[in-house]
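*Asks:* could you look at this predicted model? Sequence included:
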Amino acid sequence: MDRAELSITLHRLGDEVVLRLAGEIDMMTAAQLSTVVNEVLTEPPPRIVLDLAAVTFCDSQGLGTLVVLSRKTSHSQSLLVLTNVAEFLRRVLAITGLRSALMIRDD
Amino acid sequence: MSAERGPAPTGGRDEHVRRVRLPADPRTPAAARALVRSLLAEADLAELTNEALLLTTELSTNAVEHARTDLDLEVVADRRGLTVTVSDFARGPVEELTIGVRNEGSDIADIAERGRGLLLVDHFASRWGTTYLPAGKGVWFRLDRPDSLDRPGRSPVNGAPAAAVTGDQAASEGSFTPSAAAMSELMQTAPDPYAENSLPDFATSLLTRVAEMVGAAGGQVRLDRGDGQGPQLLARYGRQLRIDHDLVRVPLTVHRPYVGELELDAAPSAYAQPLAVLMAERLSLHLENDRLRRADLRRQAWLTFLAEASELLAQSLDVELTMALIPQLVVPRLGQWCAVHTSDEWGRLRLAAASHADESMLPQLHAVLAETGPDSVQSRLREASRNGTQLPLGAPTEGFAVPLIARGQRLGTLAVGRHQRHRHDPDEVAVLEDVARRAALAIENARIHAERRRVAQALQQSLLPPALPVVEGIGFAAEYVPTGDDADVGGDFYDVLPLPDGQWLVVIGDVSGKGVQAATLTGLVRNVIRTLIGDGKPLSETLIRLNETLVERGGGRYCTLALAAVGPGAGDPLEAGNQLEVSLHLAGHDRPVLLTAAGTARFVGTGGTALGLLDSISSPATELTLDPGEALIFYTDGVTERRRGRELFGVDRLREAAAPLAGYSADVVAARLRSTALGFSTETPRDDIAILVLRNDGG
């Protein structure tokens, strides 16, 4: 059976913790993302960067998770930054009005 | 809603269809994506991949999260786009599908975590909606290629509606495109012409066909016939409709008082609306037929009712009875209660009769009717009577006040309480007026009849002597019975008057015919006899003069007469034990019975000519003597022609009845004969009856 796969690799670059995501974010994998970010937030760095370059799919569950994580990060005096956001996901963020609420870094 | 024009039926040539059942599992959305992805590739629709995968994921995630049952995924792709339907098997109503609100703020603290799935579906889908299937419910979306000519206009990106929506968009699915055969079946469905009440079956059959053709899971037709029962379910199909859903609603094109509506669950077919309209039209046509037929029947029923009421009222010639009858006719057909008031010459109303459908309410009704005051029923009734027009009665005794007017006379009022459940329809109000008119005529007729009866009785009394003279040695007794129709004056009369020579004249007669003219003639005969006799004319001359008078002035009527001059033998004083001499003239009259003291009875006298028929008459005199205890019994044909079926009382019965009465006084003889004659038959007398007895009381 097909199943959503998401792999996350963690890189520390100076002030930033960069999480490179590869695969699909949906109800199956969103929790995985939460777990990793929550671990990082036990010792919050100034910035957590989610590199979405290799994300092939993200549904509204994924968006919700990004909202929750972004909120938690700011509570921890840190910043959650999205980078390498694909065109279609940018559209989805625009449609849902999340583009201005999430921090997106243009590369 | 309005139907969107969908692409033409694809017919399957370029169609790719996949159906799969998936478990309620977090892995399911990915599996659904895989299926959609492969079909997109197959159908060469790669350009829709992002949207198709996202929307498929949103729908299947919803199903997994909320329904928690297996879900069926159906993907249909053609050259222009694809349709994905995700259905689950959850029982009960579909959970409200809410399109989340697009976020407008930038503070992450205020932003909702969830509720964006349908916002995305609503944004990206060309059309989407819900569908109810026998086993569960589904949500579907359609994605058209961007270059598709049929792509309908979408709401602007930044203005997605925030309303609760459950499928107000129609899709055009291969499986929900009506076939020519189905269309033709729909058009050929017709009510069973021989069924008693074929409309519900017809409506159900139409509704079922349409719902099946467009894939609607439920539908109903409601009809209010305006008969006070409110909207009734005429037909129903599938699952119960939910009021808060957007439904296909088509009003039925019927005329008042009919009102109806066809409602159909939103269906994944662009044909839902036009087919619903088509069905409503077909159904409306037959409903109109039904309405007209029922109106016809109702009018016929009212006509029959009016005819029967008229007949009943016409039969009653008694005022009191007529009054009592009217409320019985009205309640409960035309109202809950009814009261009849009569009006006297000063316009004052008096309650004559009242009736209530619920007997136990009668005291309360009487109490309400007895109320006085500006807003009372009485005051409204007076107003109706004064104005001569129908008036409504206000709450709490709602109804109508109708004046009773006949031949310009205000006779009173009819008050009718409204029906318990519904208002009077215009037909009923017209019928009520008609009943009031007929009732008024019946009351008037009964009054006229009563008046006539009083006149007849007064006239009759005036034609008979108030009391017979009391003469020493001679007993006179008379009995008179008017006809059964007591408004008619009979033609019989009798008289006993003194003659100048000390004798007494006994007269009994019968003028032909009945009624006032006969009575007039009776009066004439009686007066002519009195005048001539008073002038000392002999009996034979009296009869000749009377005949002349009748021939001249009788107007074709004639008269039979028996005259008997009675007195003691010449020179003899009236003493006990003496004979009485009788000179008897019979002008066409039945011969009297001579009853002897020994109890024999025989007819005596010689017949003469009736008066008023011929210019000259013969009136032979018969001289008799009455011994003490003997009696002469005179009578009219009301006695001998008294009927029992086809049998007549006859002269022989009279004679036989008289014989045992020997020895009794004149009073007793007359009274006994009267009761014998009356007792002969149970019928009321058709002709009046007169019996006069003359008896020698001497000895």
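*Replies:* Received it, and whenever you're ready, just let me know what you need. Numbering: from 1, shown residues only, chains lettered A, B, ... in the order given.
*Asks:* tell me which residue in the stretch 451-600 of chain B sits closest to chain A.
*Replies:* Closest to chain A within the stretch 451-600 of chain B is B:Glu451: 96.0 Å, counting by Cβ to the nearest Cβ. (Glycine included, C-beta is placed from N, CA and C.)
*Asks:* and B:Leu233, that one's in a strand?
*Replies:* Yes. Under the criterion used here (DSSP: H, G, I helix; E, B strand; the rest coil), B:Leu233 sits inside a strand.
*Asks:* who are the contact partners of it?
*Replies:* Contact analysis of B:Leu233 by Cβ atoms under 8 Å, 6 or more residues apart in numbering or on different chains lists B:Gln220, B:Val221, B:Arg222.
*Asks:* let's go with 6 Å and repeat that
*Replies:* Listed by Cβ atoms under 6 Å, 6 or more residues apart in numbering or on different chains, the contact set of B:Leu233 reads B:Arg222.
*Asks:* that one and chain A, how far apart?
*Replies:* When Cβ to the nearest Cβ, to the nearest Å is the yardstick, B:Leu233 and chain A sit 41 Å from each other.
*Asks:* just want the residue of chain A that's nearest chain B.
*Replies:* Chain B sits closest to A:Gly97 of chain A, with a gap of 3.2 Å, by Cβ to the nearest Cβ.
*Asks:* what's the closest non-adjacent residue to that residue?
*Replies:* For A:Gly97, the nearest residue in space outside its immediate sequence neighbours is B:Asn103; the separation is 3.2 Å by Cβ to Cβ, 6 or more residues apart in numbering or on different chains.
*Asks:* next: B:Glu398.
*Replies:* By the measure of Cβ to Cβ, 6+ apart, the closest residue to B:Glu398 outside its immediate chain neighbours is B:Arg418, 4.5 Å from it.
*Asks:* what count of nearby residues applies to that neighbour?
*Replies:* The local packing count at B:Arg418 equals 20, with neighbours defined by other Cβ atoms under 10 Å in any protein chain shown.
*Asks:* does it touch B:Gly399 like I think?
*Replies:* Yes. With contacts defined as Cβ atoms under 6 Å, B:Arg418 counts as touching B:Gly399 at a distance of 4.8 Å.
*Asks:* show me where pLDDT drops low in the chain?
*Replies:* Going with chain A. Counting by pLDDT under 70, chain A contains low-confidence residues at A:1-2, A:107.
*Asks:* that's the other chain; I wanted chain B
*Replies:* Applying pLDDT under 70 to chain B flags residues B:1-13, B:91-101, B:132-135, B:147-178, B:242-246, B:267-268, B:484-487, B:570-577, B:699.
*Asks:* how about the residues of it by chain A?
*Replies:* Proximity of chain B to chain A is assessed by Cβ under 6 Å from any Cβ of the partner chain, with B:26-27, B:29-31, B:34, B:50, B:54, B:57-58, B:61, B:102-104, B:106, B:108, B:111, B:113-114, B:116-117, B:123 identified as the residues in range.
*Asks:* filter those down to the ones in helices?
*Replies:* Members of the residues of chain B next to chain A lying in helices (criterion: DSSP state H): B:Pro29, B:Ala30, B:Ala31, B:Ala34, B:Asn50, B:Leu54, B:Thr57, B:Glu58, B:Thr61, B:Gly117, B:His123.
*Asks:* of those, which is the most crowded?
*Replies:* Neighbours here are counted as other Cβ under 10 Å. On that basis the top member of those is B:Pro29, with 31 neighbours.
*Asks:* give me the distance between the closest residue to chain A within the stretch 1-150 of chain B and A:Ser100.
*Replies:* Checking the stretch 1-150 of chain B residue by residue against chain A with Cβ to the nearest Cβ singles out B:Asn103 as nearest, at 3.2 Å. B:Asn103 sits at a distance of 8 Å from A:Ser100 (criterion: Cβ to Cβ, to the nearest Å).
*Asks:* more crowded one of these two?
*Replies:* Applying other Cβ under 10 Å to B:Asn103 and A:Ser100 shows that B:Asn103 carries more neighbours, namely 24 against 14.
*Asks:* is it true that the more buried one touches B:Ala112?
*Replies:* No. Contact criterion Cβ under 6 Å: B:Asn103 and B:Ala112 do not qualify, at 7.4 Å.
*Asks:* remind me, longest helix of chain A?
*Replies:* Secondary structure of chain A read by DSSP H shows that its longest helix is helix A:60-75.
*Asks:* where does the residue nearest to the spatial centre of chain B land in three-state SS?
*Replies:* Residue closest to the average C-alpha location in chain B (Cα atoms, centre = their mean): B:Phe305, at 4.5 Å. Secondary structure for B:Phe305, judged by three-state DSSP, is helix.
*Asks:* what's the closest non-adjacent residue to it?
*Replies:* Spatial nearest neighbour of B:Phe305, chain neighbours left out: B:Arg333 (6.7 Å); criterion: Cβ to Cβ, 6+ apart.
*Asks:* the one you found: neighbour count?
*Replies:* Counted with other Cβ under 10 Å, the burial measure for B:Arg333 works out to 17 neighbours.
*Asks:* phi, psi of it?
*Replies:* The phi/psi pair for B:Arg333 (degrees, to the nearest 10) reads phi -60, psi -40.
*Asks:* same deal with the one 10 residues further on?
*Replies:* In this entry, B:Ser343 is assigned phi and psi values of phi -120, psi 130 (degrees, to the nearest 10).
*Asks:* so the nearest residue to it once chain neighbours are set aside, which state does it fall into?
*Replies:* Here the nearest residue to B:Ser343 in space, its sequence neighbours aside, is B:Gly412; by Cβ to Cβ, 6+ apart that works out to 4.5 Å. When classified by three-state DSSP, B:Gly412 comes out as strand.
*Asks:* tell me, how many neighbours does B:Gly412 end up with?
*Replies:* Around B:Gly412 sit 27 other residues, with neighbours defined as other Cβ under 10 Å.
*Asks:* same question, B:Gln390
*Replies:* Other residues within reach of B:Gln390, judged by other Cβ under 10 Å, total 16.
*Asks:* that one: what's it in contact with?
*Replies:* With contacts taken as Cβ under 6 Å, 6+ apart, B:Gln390 has the following neighbours: B:Phe400, B:Val402.
*Asks:* from B:Ala339, how far out is it?
*Replies:* As it turns out, when the distance is counted by Cβ to Cβ, B:Gln390 lies 15 Å from B:Ala339.
*Asks:* what's near enough to touch residue 62?
*Replies:* Picked chain A for this. With contact set as Cβ under 6 Å, 6+ apart, A:Gly62 has these partners: A:Ile25, A:Ala30.
*Asks:* let's do chain B instead
*Replies:* B:Gly117.
*Asks:* and what of B:Arg68?
*Replies:* B:Ala24.
*Asks:* what does B:Ala406 give?
*Replies:* The neighbourhood of B:Ala406, defined by Cβ under 6 Å, 6+ apart, consists of B:Ala440, B:Leu441, B:Glu444.
*Asks:* how many other residues sit next to B:Glu263?
*Replies:* Neighbours of B:Glu263 using other Cβ under 10 Å come to 20.
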